[in-house]
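# Here is my input; please provide its structure:
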Amino acid sequence: MSLKPIWHAIVVPPLVEKIQKYDHEQQNDNCRKQFERGEQYQLLRLLVHQPDPLLSSGELKQRKMEINYLNATKQFVRRLLSEFLGTLMLVLTQAGLKIQVSQQRITSESNALGNGLIILFLIYSLGGRSGAHFNPVVTLCFSLRFVFPFVWLPFYILAQFLGSICAAFFLRLLFQTESVLRYGTNSVDPSFVSILNGLQWEIFLTFCLLLVVLQTAHRGEIIGSQAAIAVSAVIIFNVLIGSTTSSASMNPFRTLGPALINSSSDGNRSLWIFIIGPLVGGVLALIVVGLLNGFRTKKRSEFKMAQGGDNDDKKLRINNFNDKSISYI
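Numbers count the residues shown, from 1 in each chain. Next up is the predicted model:
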């Protein structure tokens, strides 16, 4: 049994292929309009040495979309690499900031600002490639929203998990004292808040974050790149109000990676809070977004923001004007 069809279904799942077909139809429509207006007619004929008349609108509709699976595989690997690097940098920065706060080298306000700025930088630098999830809850919610392929879910989560683990090892290189390293892992201080209260805070903070993430994705055609500012702002707000209660993790891998490698100040007794809390908060945000916008109402921009992919990678190109096919690159 050949594994090639299975791999093809992974790198270009039906949901992604559907979007590419939509782009393909849009490009055909744009080509038809240009041809009908006569724009660039002579230039195109000279470039491709085509003596025949230009394709009619009917012929344009018959063009088939051919997928270059080699390039699609390269793009898929780049997506995973972006998620790995983004999660690594995010966890390393946030854990490092938390250690600095515990040593009273920076203030809690500086910690909140640093948490917001790192996600802002990462979204702008890597978001175009992978969608800038860096959080398994974000990936899961986009999948349940049906704007992100379920078949990509385990690959994204694995890349994020490995990034979290590597960040914990890098943290050991930077802060070599065992007692100091434990402060880089989120935990709940029972002398300040109860375990239940810490769980409630984690649910609430993650709900706020995912509400902003999902809503800005839904309104992507209006908000565009400013979505990064909104996400950064809500993280700053969440860390300001929640860092002294539940540590404001909002991301299971933000805590899990450092906890597995470096442990925590409470011996990982509250680790489950930072896994269950974000999952519950994310699902609640998903339900609210569905109620606000409709559970079946999806926009093209929402797919694009959830899946990422640079414009050059998403475009469809006519390889040969004599050949009635379009290649996916």
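# Run through the residues that contact the closest residue in space to residue 280 that isn't next to it in sequence.
In this structure, residue 280 finds its nearest non-sequential neighbour in residue 203, 4.9 Å apart by Cβ to Cβ, 6 or more residues apart in numbering. No exception for glycine: its C-beta is placed from N, CA and C like everyone else's. Neighbour list for residue 203: 277-278, 280-281, 284 [criterion: Cβ atoms under 8 Å, 6 or more residues apart in numbering].
# Name the member of the residues you listed with the most neighbours.
residue 278 (29 neighbours; other Cβ atoms under 10 Å).
# pretty sure it is in contact with residue 251, am I right?
Yes - using Cβ atoms under 8 Å, residue 278 is in contact with residue 251, at 6.3 Å.
# And the strands in the stretch 51-200 of the chain?
64-67 (DSSP state E, counting those that start in this stretch).
# I'd like to know how far the most centrally placed residue in the chain sits from residue 297.
Central residue of the chain (Cα atoms, centre = their mean): residue 133, 2.6 Å from the mean position. The spacing between residue 133 and residue 297, counted by Cβ to Cβ, to the nearest Å, is 22 Å.
# Next, show the common contact partners of residue 278 and residue 251.
135, 137.
# Give me the mean pLDDT for stretch 92-104.
Average pLDDT, stretch 92-104: 93.
# what comes up buried for it?
92-101 (16 or more other Cβ atoms under 10 Å).
# nearest to residue 178, of these?
Nearest to residue 178, judged by Cβ to Cβ, of the buried residues of stretch 92-104 is residue 99 at 12.1 Å.
# close enough to count as contact, the closest one and residue 186?
No - under the criterion of Cβ under 8 Å, residue 99 is not in contact with residue 186, lying 11.7 Å apart.
# re the thing from before, mind giving me TSV with the contacts of residue 203 and columns for distance to residue 305, secondary structure and pLDDT?
Listed next are the contacts of residue 203 as TSV, based on distance: Cβ to Cβ, whole Å; DSSP: H, G, I helix; E, B strand; the rest coil; pLDDT from 0 to 100:
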residue	distance to residue 305	secondary structure	pLDDT
277	25	helix	96
278	20	helix	96
280	24	helix	98
281	20	helix	97
284	21	helix	98
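# any chance of those residues in JSON lines, with distance to residue 268 too?
Formatted as JSON lines, these follow (distance: Cβ to Cβ, whole Å):
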{"residue": "277", "distance to residue 268": "15"}
{"residue": "278", "distance to residue 268": "16"}
{"residue": "280", "distance to residue 268": "20"}
{"residue": "281", "distance to residue 268": "21"}
{"residue": "284", "distance to residue 268": "26"}
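# Any stretches of this structure with poor pLDDT?
Low-confidence segments of the chain (pLDDT under 70): 1, 22-65, 221, 310-329.
# So it: which segments form each domain?
18-62, 72-307 (automatic domain parsing).
# Can you give me the end-to-end span of the last one?
Read it as domain 72-307. Its first and final residues considered, domain 72-307 spans 13 Å by Cα to Cα, to the nearest Å.
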